[in-house]
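# next come a sequence and a model predicted from it.
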Amino acid sequence: MAVWVIAAIVLCQGRVPAAAPEVPPGQEKKLLQERPVVIPRNTPQNPAEKPERKGRPDKTQPADIKEMIAAFQAAREQFLREQEAVRRAYQTATPEQREQLREQLRESLERWREIQRELLKEQRDRAQDMKRELQADLGKIVDEAKGEGRGR
């Protein structure tokens, strides 16, 4: 034991470790114990049990929206099943069958693009109709208010 003490003294060569810098009063680190404790409010597990708040929008969806969502989800599932079937068929297909599958995919893609073009055209036409309707209404409002607004 004494050998270890002597070895430690020789290694340190009489060096004294530097003292920690003094911290001015009032600037000490706050301990975790001094932090405020936040107690969460009691919230019910079931959202239906929550009290009603004024001005809160109704979260229920109309029946037609629910039907549209269900139809979309069914179409999505059907599409995914078809894609999985094509993938499996492609993996086990001969080169000639693969070429036929590629051709079918090209035709499918072209049909989809045509549908997208038609929808985009419908959207543009509807936007133009809305713009014309809005401009007609704005024109009437401007005509009715010509003499007003300048304090005359």
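Sure thing, it's come through.

# okay, and residue 91 sits in which element?
Counting by DSSP states H and E, the element that carries residue 91 is helix 63-92.

# after that helix comes which helix or strand?
Counting by DSSP H and E, what follows helix 63-92 is helix 95-144.

# same for that next one, what does it pack against?
On a contact count with 3 or more CB pairs under 8 Å, 6 or more residues apart in numbering; DSSP states H and E, helix 95-144 meets helix 63-92. In short, each C-beta sits where N, CA and C put it, glycine included.

# just the angle for the helix it packs on relative to helix 95-144, thanks.
150 degrees (axes from the mean of the first three to the mean of the last three CA atoms, to 10 degrees).

# so for helix 63-92, what's the average pLDDT?
On average, the pLDDT along helix 63-92 is 88.

# count of residues packed around residue 89?
14 (other CB atoms under 10 Å).

# from residue 97, how far off is it?
Look at residue 89 and residue 97: by CB to CB, to the nearest Å, they are 8 Å apart.

# pLDDT below threshold where in the protein?
1-23, 26-37, 39-59, 139, 142-143, 145-152 (pLDDT under 70).

# work out for me the element residue 24 sits within.
Using DSSP H and E, residue 24 is not contained in any helix or strand.

# SS state for residue 61?
coil (DSSP: H, G, I helix; E, B strand; the rest coil).

# how about it, phi and psi?
phi -100, psi 150 (degrees, to the nearest 10).

# show me what contacts it?
Counting by CB atoms under 8 Å, 6 or more residues apart in numbering, residue 61 makes contact with residue 69.

# from residue 70, how far out is it?
Plainly put, residue 61 is 11 Å away from residue 70 if you go by CB to CB.

# about what we covered before: tell me what the helix holding residue 91 is packed against?
Applying 3+ CB pairs under 8 Å, 6+ apart, one finds that helix 63-92 contacts helix 95-144.

# what does stretch 66-81 contact?
residue 61.

# give me that answer again for 7 Å
The contact list for stretch 66-81 (CB atoms under 7 Å, 6 or more residues apart in numbering) is empty.

# so that it lines up with my notes, have the first residue be 20 from now on.
Sure thing, new numbering starts at 20, so read that last one as stretch 85-100.

# and it, C-alpha only, in CSV?
What follows is stretch 85-100, C-alpha atoms only, in CSV (Å, rounded to 0.1, in the frame of the first residue of the first chain):
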residue,chain,number,x,y,z
LYS,A,85,-68.0,8.8,-45.1
GLU,A,86,-69.3,7.0,-48.3
MET,A,87,-66.7,8.8,-50.4
ILE,A,88,-63.9,7.8,-48.0
ALA,A,89,-65.1,4.2,-47.9
ALA,A,90,-65.2,4.1,-51.7
PHE,A,91,-61.7,5.6,-51.9
GLN,A,92,-60.3,3.1,-49.4
ALA,A,93,-62.0,0.2,-51.3
ALA,A,94,-60.5,1.4,-54.6
ARG,A,95,-57.1,1.8,-53.0
GLU,A,96,-57.2,-1.7,-51.7
GLN,A,97,-58.3,-3.1,-55.1
PHE,A,98,-55.4,-1.1,-56.8
LEU,A,99,-52.9,-2.5,-54.3
ARG,A,100,-54.1,-6.1,-54.8
